[in-house]
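1. quick one: sequence plus predicted model below, questions after.
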Amino acid sequence: MLSKNKLFKSFLLLTSTALIFSGCGGSSSAATPAAKPIPKVMPAWINAPLPNDNEQFMYGMSIASDRDSAIKAALSDMIAKLGTTIESSYESNEKVQGAYVDSTIKNQIKSDVSKIKINNYKVIQSHKVSYREFAVMIETDKRNLVKGLKENLEAEKKSISQEYDSLKDRDSLTRYNTKKELSERASKLLSEVLMISELDKSFNKKENLDYIAKKQKEFLAESKELKFFVGGNEKSAKFADSIKNYLAQNGYNVTNTNKNAVEIKVKTTDNINYGNSMSIAVLTINVSVFDKQQRIGGKSVVVKERYNGSIDSVYKNASIHLEQDIKSQGINEVIGINLKID
């Protein structure tokens, strides 16, 4: 009986132990769920409108693959906005003046503005959006930018004016070429003047626009004064006509008198080399260019033509070939002058 009681107690003990362990196993299988990651909050400035430019600061913002690329893109954004504003200002000004809006000038303005280098910027916001995206917002002080632009403008105006003043006793072609170049340099200042006036409302835009217009008018006056007289000996008539025609076709004033004109003198000599099977005529065309008795150019051109018994035919063919050389090589190369041609 005792043995049964002991067996019964042992059975109860084993059963209780099994229940305890099974209960522990059940509780371990019901694991606590993992916490969900908290999504990153995007800074409000990234999606908000960019701050408006004001009297002191300009702003730019961009998102790119890294911080440096984002800064470069933000600077480009800032400059592009400025360019659009300046183009609009140019168009409005021309319409008020009743002038034609020149697309070439508009493109020049866009090109010049795009070349601006802004070094005095400050990164006022930055955020790593993702592992391959970075956002930045930059700010630049208009006053420092304007200061640099004004210094460049005044330095260029001074350089242009000094070169103009040095032309007083120079020959006609040098005056024409230099004033043409300086007029083009002055015209390129338009973009800078418009930029400064947009950034600094106290800037004297009219005074600087008048300066540009004055240099353009001075070149136009010089171009009207430039005249060419082309003459030569009897054998040179056709060659002189070729030179005259080229100058006239390119808009230059060809006159019938050498008074106050650049004089192009043509002198031609010929020599016929007779052969058994073929004869060759060798023509030497000597060109001399003078301005007020001062030689300013010239060249000797040798032309060889087949001689078939007619010297007139030789000169006719030679004049055709000279015209072709002038068109292909340019008049500067053929007659030895330095003339800036568009």
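-> Arrived safely, thanks for sending. Numbers count the residues shown, from 1 in each chain.
2. is it fair to say residue 286 lies in a strand?
-> Yes. With DSSP: H, G, I helix; E, B strand; the rest coil as the criterion, residue 286 is assigned to a strand.
3. distance check, it against residue 84.
-> From residue 286 over to residue 84 the distance is 58 Å, taken as CB to CB, to the nearest Å. Backbone N, C-alpha and C define where each C-beta goes, glycine included.
4. can you pick out the residue with more neighbours from those two?
-> residue 286 (16 against 12; other CB atoms under 10 Å).
5. tell me how far that one lies from residue 231.
-> Distance, residue 286 to residue 231, by CB to CB: 13 Å.
6. what segments of the stretch 151-300 of the chain are strands?
-> 227-232, 253-254, 262-273, 279-291, 294-307 (DSSP state E, counting those that start in this stretch).
7. next, the residue positioned nearest the centre of the chain: secondary structure please.
-> Closest residue to the average C-alpha location of the chain: residue 111 at 4.9 Å, with CA atoms, centre = their mean. What three-state DSSP gives for residue 111 is helix.
8. list the contacts of the nearest residue to residue 178 once chain neighbours are set aside.
-> Excluding the flanking residues, the one nearest residue 178 by CB to CB, 6 or more residues apart in numbering is residue 167, at 5.8 Å. Listed by CB atoms under 8 Å, 6 or more residues apart in numbering, the contact set of residue 167 reads 174, 175, 178, 179.
9. just the buried ones among these, please.
-> Among those, those classed as buried by 16 or more other CB atoms under 10 Å are 175, 178, 179.
10. what about residue 188, how many residues nearby?
-> Neighbours of residue 188 (other CB under 10 Å): 14.
11. next: residue 75.
-> Residue 75: 20 surrounding residues under other CB under 10 Å.
12. in this structure it contacts residue 136, no?
-> No. If you go by CB atoms under 8 Å, residue 75 and residue 136 don't touch, sitting 9.9 Å apart.
13. can you list the helices and strands that the helix ranked longest in the chain packs against?
-> Ranked by residue count and defined by DSSP state H, the top helix of the chain is helix 67-97. Where contact means 3 or more CB pairs under 8 Å, 6 or more residues apart in numbering; DSSP states H and E, helix 67-97 is packed against strand 57-64, helix 103-114, strand 121-130, strand 133-141, helix 189-199.
14. other residues contacting the first one?
-> Residues outside strand 57-64 that contact it (CB under 8 Å, 6+ apart) are 45-46, 50-53, 70-78, 81-82, 121, 125, 129, 133-142, 145.
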